[in-house]
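S.K.: My questions are about this predicted structure, shown below with the sequence.
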Amino acid sequence: MQITGASLTPGFDEGISDYTVRCDTPVDLAVNAPDGVNVSIDGGSPQTGAFHASVNLQPDRGFSWVISRGGQSTTYHARCLPADFPAFTVERPGQPQAQWYIVAPNARLGQASTQSYVLIFDNRGVPVWWYRDPSATPFDVRLLPNGHLVWDSVLGNYQEHALDQNAVLHTYQTVGIPTDYHDLQVMANGDILMFGFSERSGVDVSKFVPGKTSASVIDAVIQEIDPNDGHLVWSWNSKDHIGLNETDPHWWPALTEPYDIIHMNSVEDDGDGIIFSARHLDAVYRIDKATGNIDWKLGSDDPVTRTSESLTVVDDPFGDHPFGGQHDARRLPDGTVTVHDNGTNANHPPRAVRYSIDPLAKTAKLVESVSDPQIPGSFCCGGTRKLPTGDWVMSWGSDPIVEEMTPASQRVFALNFADNYFSYRVEPLMPGRLEASTLRSGMDTLHPRIATSVQGPVPAGVNVAGAPSGRNTSSSGSGSSTASDQSSAPLTGPATQPLRVTLTRRNRRIRVGKNGVFSFSLGAQAVDAAGRAGFSLRLPRHERAAGTVSLRSKAFVSTAGLPTTISARLTTRQHRILKAARRLRVTATISVHDPAGRAARRSYHFALLAPR
């Protein structure tokens, strides 16, 4: 199968399930199916032999086709890239171990960013899910345990998003100080680790900046925050534990007042301690949570910056100064620590390193190091993740390449962003963390196939989202047939007034049935409309880390003049928790659209009550 009038990327292969297209014009597909093989395009009638099909597709929208042979059917998916989608190329010289890569392209330092995308690529280099944030430029992004994404911008707080909703579900911010945009981590107990910064005045830095006897400096503050109500659980301030002499001497000439003497860029839960990376200290530290004292320091260990907590570095060719502006320090289950060493001002190229820490012997032994000769430098930013199966995944910081490598430094996969864009960090996901069907469903909900102008009844061949289902012509190219969604009646239009989402009074407190099912009602619309309802539950703190707090979203079609009842079912675990807690807080996000292109959206809170 081939595409004419648009580009199917990658080229069609029966072993590849997802593709992208450019769709400034309708997507025209030419199919040549041998005897015994049937192909159905975009819900059309199955056909064999040579035929053509045309799919009317707008940016961000997707379609599918089904290939059937011998009683077996396989579905393939393609989605239209918007015109401003970040340009990229893909290399796949080996077999990647990660299934997904989450990135957020940003412009290089000093350049204005025109991108505001969060992207999830599969290991074929196909973007299967994306989101264009209308209010911010996403910087640091990751997947939460509940299946949602959280990201921030350089000038804002972290915001939680479901894969199928535009609404911001939750905002995470530090308490009493500005939020730093470099990291957010969910702790084993469900609390949130974040950090911010605090300005301190009247500091004598004349030893490092001649004449500055009363200057302002920026201290780093780590906070543990309860996400339920945002209250501060635990806090640590660098000013009480790290001296000015630990800021590496090569950073001082580059700093301006207020002097950013720490520049923390990652934080990691380590049970009874916290591990963090500080760029301007060229070091990674571990803190004892109970006392706030520093357990060990891995990094700059020359006579100027050495402390009593400094570890002796063993088997590292760069000796007592292994890092230069490092990022993304992470603790692995075996106790080793990985670091993205930028090599900034350290006279060596960037690398990913892993150390075995012996706190009693006060040593850090280098056990693994990988690098790429195609990456000569990484002035800032970046991330390194060691996969449980052995490979490494790196975002090389200010370099535009995100890649997966073997322990022998062999590249198996790479994304290369164009136009001087790079991803601050990459989060790889192993198989089982996220399903392709969840990503596709989220995109379909965010970007339904809806007609922009409908006069009178919608023709046959329009699905519940109001989109043409495409058409297949006969093998000779004459005649046509269409298929409609049999699950509901066609929508009517055009709408005569804006849509709204109206809730009935009984939605505020809803009793769940013994089977875990609950229902709520929407008020009547003036015209037929299609929509989707999504739900997120606020579980008790001790239950939060063990599983999902969201429900599968529900699609619905409402009839003009009549209320609409929507039913949803709790999972077995959620039902058990509700019966124990007697009441759970729920946020519902409802979005609707009509055939004329009008849309409405509303989020609201209600209480689920346990069965009687």
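M.R.: Yep, it's here.
S.K.: only C-alpha atoms for contact and neighbour calcs from this point on.
M.R.: Noted.
S.K.: for the stretch 451-600 of the chain, which spans come out with low pLDDT?
M.R.: 451-506, 541-549, 594-598 (pLDDT under 70).
S.K.: excluding its backbone neighbours, what's nearest Pro138?
M.R.: Taking C-alpha to C-alpha, 6 or more residues apart in numbering, and ignoring the residues beside it in sequence, Pro138 has Ser153 as its nearest neighbour in space, at 4.7 Å.
S.K.: so that neighbour makes contact with Phe139?
M.R.: Yes - Ser153 lies in contact with Phe139 (C-alpha atoms under 8 Å); the separation is 5.0 Å.
S.K.: residues shared between the contacts of these two?
M.R.: Tyr181 (C-alpha atoms under 8 Å, 6 or more residues apart in numbering).
S.K.: any idea where the helices of this protein begin and end?
M.R.: Listed in chain order, the helices of the chain (DSSP state H) span 436-446, 572-581.
S.K.: Which residues in the longest one does the neighbour count mark as buried?
M.R.: The reference is to helix 436-446. By 16 or more other C-alpha atoms under 10 Å, the buried positions in helix 436-446 come out as 436, 439-446.
S.K.: Tyr101 bridge partners, please.
M.R.: Phe121, Pro428 (DSSP bridges).
S.K.: what's near enough to touch it?
M.R.: By C-alpha under 8 Å, 6+ apart, the neighbours of Tyr101 are 120-123, 426-429.
S.K.: let's see it at 10 Å
M.R.: Counting by C-alpha atoms under 10 Å, 6 or more residues apart in numbering, Tyr101 touches 119-123, 125, 127, 142, 393, 402-404, 415, 426-430.
S.K.: before we move on, what about Thr307?
M.R.: Thr307 sits next to 242-243, 245-246, 296-297, 300-301 when contact means C-alpha under 10 Å, 6+ apart.
S.K.: next one: Pro34
M.R.: Under the contact definition (C-alpha under 10 Å, 6+ apart), the residues listed for Pro34 are 48-50, 69.
S.K.: what's the distance between it and Ser68?
M.R.: In this structure, Pro34 and Ser68 are separated by 11 Å, where distance is defined by C-alpha to C-alpha, to the nearest Å.
S.K.: Kindly report the same for Val527.
M.R.: As judged by C-alpha to C-alpha, Val527 and Ser68 stand 39 Å apart.
S.K.: Verify the stated contact: Arg142 with His182.
M.R.: No - under the criterion of C-alpha atoms under 10 Å, Arg142 makes no contact with His182, lying 11.6 Å away.
S.K.: Can you work out which residues contact both of those two?
M.R.: Contacts common to Arg142 and His182, judged by C-alpha under 10 Å, 6+ apart, are 151-152, 425.
S.K.: Quick one, grab the pLDDT at the nearest residue to Arg132 once chain neighbours are set aside.
M.R.: In space, and not counting its chain neighbours, Arg132 is closest to Tyr117: 4.5 Å by C-alpha to C-alpha, 6+ apart. What the model reports as pLDDT for Tyr117 is 94.
S.K.: Tell me which residues touch Tyr117, please.
M.R.: By C-alpha under 10 Å, 6+ apart, the contact set of Tyr117 is 84-86, 103-106, 130-134, 136-139.
S.K.: let's see 6 Å
M.R.: By C-alpha atoms under 6 Å, 6 or more residues apart in numbering, Tyr117 lies in contact with 104, 131-132.
S.K.: Would you mind measuring from Leu446 to Val150?
M.R.: From Leu446 to Val150 the distance is 17 Å (C-alpha to C-alpha).
S.K.: One more: Val66?
M.R.: When C-alpha to C-alpha is applied, the distance between Val66 and Val150 equals 34 Å.
S.K.: Next: Thr571.
M.R.: Spatial separation of Thr571 from Val150 under the definition C-alpha to C-alpha is 23 Å.
S.K.: With Ala526 instead?
M.R.: If you go by C-alpha to C-alpha, the gap between Ala526 and Val150 works out to 36 Å.
S.K.: related to what we said a few turns ago, with respect to Ile222, which of the helices of the chain lies nearest?
M.R.: Set against Ile222 and scored by C-alpha to C-alpha, the helices of the chain come closest in helix 572-581, at 31.8 Å.
S.K.: what's in contact with the closest one?
M.R.: Taking contacts as C-alpha under 6 Å, 6+ apart, the residues outside helix 572-581 that touch it are 516, 610.
S.K.: what's the spacing between that helix and its chain's center?
M.R.: 28 Å (C-alpha atoms, centre = their mean, to the nearest Å).
S.K.: Show me which positions of that helix end up buried.
M.R.: By neighbour count, and taking 16+ other C-alpha under 10 Å as the criterion, the buried residues in helix 572-581 are 574-575, 577-579.
S.K.: all strands for the stretch 101-250 of the chain, in order.
M.R.: 105-107, 117-122, 127-132, 138-143, 149-153, 158-161, 170-172, 185-186, 192-203, 215-225, 232-237 (DSSP state E, counting those that start in this stretch).
S.K.: Can I get these in a markdown table including distance to Ser17?
M.R.: A markdown table is the format used below for the strands of the stretch 101-250 of the chain (distance: least, C-alpha to C-alpha, whole Å):
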| stretch | distance to Ser17 |
| --- | --- |
| strand 105-107 | 25 |
| strand 117-122 | 10 |
| strand 127-132 | 10 |
| strand 138-143 | 23 |
| strand 149-153 | 23 |
| strand 158-161 | 26 |
| strand 170-172 | 33 |
| strand 185-186 | 32 |
| strand 192-203 | 36 |
| strand 215-225 | 41 |
| strand 232-237 | 45 |
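S.K.: Select, out of those strands, the one closest to Ser371.
M.R.: Each of the strands of the stretch 101-250 of the chain was scored for nearness to Ser371 using C-alpha to C-alpha, and the closest is strand 105-107 (21.7 Å).
S.K.: Sheet-wise, list the partners of that closest one with their directions.
M.R.: According to DSSP bridges, strand 105-107 has these partners: strand 421-423 (antiparallel).
S.K.: which other residues reach the partner strand?
M.R.: Outside strand 421-423, the residues that reach it (C-alpha under 6 Å, 6+ apart) are 103-108, 398, 400.
S.K.: Widest-spaced pair of those residues?
M.R.: Val103 and Arg108 (14.8 Å).
S.K.: the more surrounded of the two?
M.R.: When neighbours are counted by other C-alpha atoms under 10 Å, Val103 comes out ahead of the other of Val103 and Arg108, with 26 against 19.
S.K.: residues touching the more buried one, list them.
M.R.: Taking C-alpha under 6 Å, 6+ apart as the contact definition, Val103 lies against 119, 423, 426.
S.K.: Mind checking which of the residues you listed are buried?
M.R.: Of the members of these, the ones counted as buried by neighbours, 16+ other C-alpha under 10 Å, are 119, 423, 426.
S.K.: What is the burial count for Asp240?
M.R.: Neighbour number of Asp240 under other C-alpha under 10 Å is 10.
S.K.: So Ala329 sits against Val339, correct?
M.R.: Yes - using C-alpha atoms under 6 Å, Ala329 is in contact with Val339, at 4.5 Å.
S.K.: Strands of the stretch 351-500 of the chain, start to end?
M.R.: With DSSP E, counting those that start in this stretch as the criterion, the stretch 351-500 of the chain has strands spanning 351-358, 363-370, 383-386, 392-395, 401-405, 411-417, 421-423, 427-429, 471-473, 480-481.
S.K.: Who are the packing partners of the first one?
M.R.: If you count contacts as 3 or more C-alpha pairs under 6 Å, 6 or more residues apart in numbering; DSSP states H and E, strand 351-358 packs onto strand 337-341, strand 363-370.
S.K.: Show me the shaky parts of the protein.
M.R.: In the predicted model, the chain carries pLDDT under 70 at residues 1-6, 24-25, 109-114, 450-506, 541-549, 594-598.
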